[in-house]
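>>> Got a sequence here, can you build the structure:
(one chain, ligands or ions: 1)
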Amino acid sequence: MNHAATLTPEVLTSLIAMVREHTGIAMTPRKSILLERRLQPRLQALSLHSYQAYLDKVASDREEVVHFIDLVTTNDTLFFRTPQIWAYFEERYLPDWARRHPGGCLKVWSAAAASGEELYSIAMACEQFKARHPSFRYQILASDISQQILNAARTGQYSGRSVERIRLSHPELLRKYFTASPYGVQVNDELRQHVSFALHNLLEPLQPQQQFDVVFLRNVLIYFDAEHQETVLRQARHSLKDDGRLILGESETIARLGTGYEFEFPMIYKTGEA
Ligand SMILES: C[S@@+](CC[C@H](N)C(=O)[O-])C[C@H]1O[C@@H](n2cnc3c(N)ncnc32)[C@H](O)[C@@H]1O
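Got it, this is the predicted structure:
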């Protein structure tokens, strides 16, 4: 019989510290059930009988850190999540950018890309714009701290809720940019050729250093405390051009943080001109 390990308050405190050390994510002891649910199968797979043994394993084994990060991050996402962001990007930002940079190449960073729905939404919006403005070019960098979820983004195969949502919201784009696969749907190379992928912790400088016109930093700041939010925002600022745009999630605001961004619209901030 398999006895589930119990998570004592002391070990929970150490686990929360380890989550923060490796991801920056701030968890409270109220997350104990979530942590147990996510880590228990890993303990079983490794035949470990206590969370302390698992903590020791993560502390001493770099490869286990990769699994640990996969398990403790939350990767929920959707295609075209938050319609007003996409209305802004497609109808306002892209036409204005193309007018000011004729023949230029727009550089966009999806900075907590999860399984990729956001980055392929960016790519679809850009492709649609390009169909009407053939000289427009774009490149997207997609990054995440979780290796497993970044691999899913790179693969570009979707099923279930993700596909149902885009089938309802943008059926024409689903038909145009995806092909049916045994798994569900597969994103076409037409979109993938514009995307590169990088494993990246937002608390650290992006390597190699690059500058973007737009950084999508959506639904990730909520996981950090104010100190780490400031660090992430500062790092993102280094990767944004002057007159760049930072796009946040619905429940995120940077109003209280001294970060050098100016409010443009709800969820959208700009960097000043040099
Ligand atoms: C809820 S998803 C957001 C996905 C997408 N941006 C969206 O808004 O739909 C949050 C993502 O942030 C990633 N993440 C968490 N901490 C991170 C860190 N320190 N550096 C980079 N990515 C991180 C997680 O792995 C997860 O995939």
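
>>> For this structure, which residues are neighbours of the ligand?
23-25, 73-77, 81, 112, 114, 118, 144-146, 149, 200-203, 218-220, 223, 249 (CB under 6 Å from any ligand atom). From N, CA and C alone the C-beta is placed, and that goes for glycine too.

>>> What subset of those is buried?
23-25, 73, 75, 77, 81, 112, 114, 118, 144-146, 149, 200-202, 218-220, 223, 249 (16 or more other CB atoms under 10 Å).

>>> Filter the residues of the chain next to the ligand down to the ones in strands?
With strands taken from DSSP state E, the overlap with the residues of the chain next to the ligand comprises residue 144.

>>> okay, which residue is most central for this structure?
Nearest to the mean C-alpha position of the chain, by CA atoms, centre = their mean, lies residue 112 at 1.7 Å.

>>> which residue packs closest to residue 150, ignoring adjacent ones?
Distances taken as CB to CB, 6 or more residues apart in numbering place residue 144 nearest to residue 150, at 4.6 Å, with adjacent residues excluded.

>>> Which ones among the residues of the chain next to the ligand lie within helices?
Per DSSP state H, helices hold the following members of those: 23, 118, 149.

>>> Run through the residues that contact the last one.
Meaning residue 149. Under the criterion of CB atoms under 8 Å, 6 or more residues apart in numbering, the neighbours of residue 149 are 70, 73, 75, 113, 114, 115.

>>> what would the residues you listed look like in JSON lines with distance to residue 93 and pLDDT?
Formatted as JSON lines, the contacts of residue 149 follow (distance: CB to CB, whole Å; pLDDT from 0 to 100):
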{"residue": "70", "distance to residue 93": "33", "pLDDT": "98"}
{"residue": "73", "distance to residue 93": "28", "pLDDT": "97"}
{"residue": "75", "distance to residue 93": "26", "pLDDT": "96"}
{"residue": "113", "distance to residue 93": "19", "pLDDT": "98"}
{"residue": "114", "distance to residue 93": "22", "pLDDT": "98"}
{"residue": "115", "distance to residue 93": "24", "pLDDT": "98"}
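
>>> Let me have those residues in CSV, extended by distance to residue 176.
CSV is the format used below for those (distance: CB to CB, whole Å):
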residue, distance to residue 176
70, 32
73, 31
75, 26
113, 21
114, 23
115, 20
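
>>> Could you identify the most distant pair in those?
70 and 113 (14.3 Å; CB to CB).

>>> the more surrounded of the two?
More neighbours surround residue 113 than the other of residue 70 and residue 113, with 32 against 18 (other CB atoms under 10 Å).

>>> for the stretch 1-150 of the chain, what spans make up the strands?
105-110, 137-144 (DSSP state E, counting those that start in this stretch).

>>> how about the last one: buried residues?
Judged by neighbour count (16+ other CB under 10 Å), strand 137-144 contains these buried residues: 137, 138, 139, 140, 141, 142, 143, 144.
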